[in-house]
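Novice: What follows is a predicted structure for the sequence shown.
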Amino acid sequence: MGLDETGRCGWCGTDPLYVAYHDTEWGVPERDGRALWEKLILDGFQAGLSWITILRKREAFREAFEGFDPEVIAGWGEPEVARLLGNAGIIRHRGKIEATIGNARAFLAMEEQGGFADAMWAYVGHSPIQNQWQALAEVPAYTPLSERMSKDLKKAGFRFCGPTIVYAWMQATGMVNDHLVGCPRHPQVAALAMSRG
């Protein structure tokens, strides 16, 4: 239960964009701080929506948010919020847009204190957690670790980073390998984690 007829994790369905995301990106360890931050922002925008909705709009998000450059976004204010609220290519949610600006400032503060990526990967001992789920029903929506990370991110000034969002982000960025064990990507992603050395 949980794998589709191709042997993939069943959650990606048959949409070519979603299948490509599953096959090439989801679960791959991401060590670049700016890329990690972008994915956290997009996971925050997903709240209440499906991930495929975000994937379909990802390029429009990147254009609207200046390539997700935190240094640029951190300086934004109401004029930029108003501009983004008028952009039909993205999710037009004032709270999420304003949170992105605050999250850019929080990210830059963490970068000055030793680095966002290093701080986030420290939660998993700098090595991806290799889960062994057999079925989608076994995969948690959040964990005690994602609850702790969420709490710490909020203390650092981040918003739209609850435990469920944080766990989805950990899965996407390879801090945990949550491909089902029968999926061809499970051993491939595990090997990527090992190859870092």
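Specialist: Perfect, I can see it now.
Novice: Could you list the low-confidence segments of this protein?
Specialist: 1, 195-197 (pLDDT under 70).
Novice: In it, where's the longest helix?
Specialist: helix 94-112 (DSSP state H).
Novice: Which positions within that one qualify as buried?
Specialist: In terms of neighbour count (16 or more other Cβ atoms under 10 Å), helix 94-112 has its buried residues at 96-101, 103-108, 110-111. Using the backbone N, CA and C atoms, a C-beta is placed for each residue, glycine as well.
Novice: Let me know the closest of these to E138.
Specialist: K96 (30.2 Å; Cβ to Cβ).
Novice: Once you drop chain neighbours, what's closest to that closest one?
Specialist: With sequence-adjacent residues excluded and distances taken as Cβ to Cβ, 6 or more residues apart in numbering, K96 is closest to F45, at 5.3 Å.
Novice: neighbours around the one you found, how many?
Specialist: By other Cβ atoms under 10 Å, 22 other residues sit near F45.
Novice: Make residue 1 into 675 and carry on from there
Specialist: In the new numbering, first residue 675, that becomes F719.
Novice: That one and Q804: what is the separation?
Specialist: 28 Å (Cβ to Cβ, to the nearest Å).
Novice: The residue nearest to K770 belongs to a strand?
Specialist: No. If the criterion is DSSP: H, G, I helix; E, B strand; the rest coil, then F719 is helix and not within a strand.
Novice: who's in contact with it?
Specialist: I728, F735, I764, I765, H767, K770, F834 (Cβ atoms under 8 Å, 6 or more residues apart in numbering).
Novice: Compute the distance between it and C683, please.
Specialist: With distances taken as Cβ to Cβ, F719 is found 22 Å from C683.
Novice: Next, give phi and psi for W725.
Specialist: Here is the backbone geometry of W725 (degrees, to the nearest 10): phi -70, psi -30.
Novice: Give the closest residue to the spatially most central residue of the chain in space, chain neighbours not counted.
Specialist: What sits nearest the mean C-alpha location of the chain, by Cα atoms, centre = their mean, is W843, with 3.2 Å. Leaving aside its chain neighbours, W843 sits nearest to D717 (4.5 Å; criterion: Cβ to Cβ, 6+ apart).
Novice: got the contact list for that neighbour?
Specialist: Contact analysis of D717 by Cβ under 8 Å, 6+ apart lists I839, V840, A842, W843, A846.
Novice: Mind doing that once more with 6 Å?
Specialist: Going by Cβ atoms under 6 Å, 6 or more residues apart in numbering, D717 touches I839, A842, W843.
Novice: Would you format those residues as CSV with distance to V693 and secondary structure included?
Specialist: CSV is the format used below for the contacts of D717 (distance: Cβ to Cβ, whole Å; DSSP: H, G, I helix; E, B strand; the rest coil):
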residue, distance to V693, secondary structure
I839, 23, helix
A842, 18, helix
W843, 21, helix
